[in-house]
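> Output the structure for:
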Amino acid sequence: MEPKNLVRQNFTEADLGENKARVIAERYSDVFGLETSYIPRFIEDAGQLEELLRPEVFRHYVYGSEPNTGRWVTNSELVILIGAVDNNKSRKLCHEVFLRARDLVYSASPMRAATTFVCLTPSEFGLDWKLRS
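From the prediction side, this is the model:
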């Protein structure tokens with residue numbers, strides 16, 4: 001985080017010298033009670049971004065209304081890429097990955113902040129949010 005970011009982006013003086021992705025991940029975690037993680041380096045190529053956006057696949061058992069009528073179901077995460085980036089190279093990279101992706105929701109946000117990846121996963125108790133920055 002540099003002083004020039006204070007004017008254009010949603011940071012405070014306490015964030016100066018810190019990694020932007022870490023600051024944003026921790027902020028979302030604290031404010032919204034989300035599980036977060038971040039990558040403390042620049043994403044330089046499409047392969048790196050595609051790997052980060054690969055949805056997790058999971059199996060769970062759905063009980064039927066009658067005994068022995070349940071079944072195993074396989075689901076995967078819904079991945080949402082919010083392209084809140086502050087340079088054209090990163091915007092082009094997000095767009096390139098989106099055009100090649102299957103099952104990726106992409107928002108090319110004009111915000112001035114670090115890229116944020118949001119994953120929504122069903123659980124037996126409703127929906128769990130995980131945020132990747």
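> For the rest of this, base every contact and every neighbour count on C-alpha atoms.
OK.
> Quick check: closest non-adjacent residue to Val97.
Nearest residue to Val97, sequence neighbours excluded (C-alpha to C-alpha, 6 or more residues apart in numbering): Ala46, at 6.0 Å.
> Could you tell me how many residues sit around that neighbour?
18 (other C-alpha atoms under 10 Å).
> And the strands in the protein, which stretches?
35-37, 57-62, 71-76, 78-82, 104-107, 116-123, 126-132 (DSSP state E).
> tell me how far the ends of stretch 38-55 are from each other?
16 Å (C-alpha to C-alpha, to the nearest Å).
> Which positions in that stretch come out as buried?
38, 46, 53-55 (16 or more other C-alpha atoms under 10 Å).
> still on that earlier bit, mean pLDDT lowest for which of the strands of the chain?
Confidence, taken as mean pLDDT, is least for strand 116-123 of these (a mean of 43).
> quick revisit: now for the buried residues of stretch 38-55, which pair is the farthest apart?
Pairwise distances across the buried residues of stretch 38-55 peak at 17.2 Å for Tyr38 and Ala46 (criterion: C-alpha to C-alpha).
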